[in-house]
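Colleague: Predicted model and sequence below, questions to follow.
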Amino acid sequence: MPLFDSLSRGELNLLAKHISCVKVKKHHIIAKEGDKGDFVCFIADGKVDVIKGDQKGNEVVINTLMKGRSIGEMSLIDNTPRSASLRTQTECVLLKLTKKSFDMILSQYPEMGIKILKGLARLLSMNLRKTSGRLADYLD
C-alpha cells in the first residue's frame, strides 16, 4: 500500500503487530456518518461504498473503494465525527489500525509515526484533488 512505501521492513513488522485482520459480511455498516472515528481500515479484499446523506435523508453512494484503498484515515488525525458512512458492497477483509495504536506508535516510534503521517498527508491530498476534479466536472 502506497501509504507505507517509506517504511522499512522492521517498521512494517512493528506496524503489523498493531493491525488486526477483520472479515466483514456483505452490506455491513463499518462506520456511520457523524459517529466518532477511532480507527482506519485498509481494504485487503472486497469493495466498500462511501455513503453520504442528502438533504432529504436519502443515502447517496459517492464512491466505491476496492483492494488497496484506505477508509477512515481522517479519524487518525482530526478527532472529528465521520464525514461519511462506510458499508461493505461485498464480503471484505479489512486491516484495522485503531487511533490508540497509532498514537502509541507516534509516541514510542516518532520517526516511524512521521513517515506514516507523511503518507496520510499524501493520501488526503490526492483524495482532495480527485474530489475537486469531480466537483468541477459536476459544476460544468
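Modeller: Perfect, I can see it now.

Colleague: Show the contacting residues for the spatially most central residue of the chain.
Modeller: Centroid check for the chain by CA atoms, centre = their mean gives residue 71 as the closest residue, at 2.1 Å. Shown in contact with residue 71 (CB atoms under 8 Å, 6 or more residues apart in numbering): 30, 31, 40, 41, 42, 43, 48, 50, 65, 86, 94. Any C-beta I mention is one placed from the backbone N, CA and C, and that applies to glycine too.

Colleague: got a list of contacts for stretch 52-62?
Modeller: Identification of contacts with stretch 52-62 by CB under 8 Å, 6+ apart yields 33, 49, 50, 51, 84, 85.

Colleague: Once you drop chain neighbours, what's closest to residue 41?
Modeller: Counting by CB to CB, 6 or more residues apart in numbering, residue 94 is the residue found nearest to residue 41 once chain neighbours are left out, at 4.2 Å.

Colleague: surely the one you found meets residue 25?
Modeller: No - if you go by CB atoms under 8 Å, residue 94 and residue 25 don't touch, sitting 11.6 Å apart.

Colleague: Between those two, tell me which one has more neighbours.
Modeller: Using other CB atoms under 10 Å, the more surrounded residue of residue 94 and residue 25 is residue 94, with 26 against 9.

Colleague: Need the contact partners of the helix or strand hosting the more buried one.
Modeller: Assigned by DSSP states H and E, residue 94 belongs to strand 92-98. If you take CB under 8 Å, 6+ apart as the criterion, strand 92-98 is touched by 15, 18-24, 28, 30, 38-48, 71, 76.

Colleague: what's the average pLDDT for the lengthiest helix in the chain?
Modeller: In the chain, taking DSSP state H as the definition, the longest helix is helix 110-139. Averaged over helix 110-139, pLDDT sits at 82.
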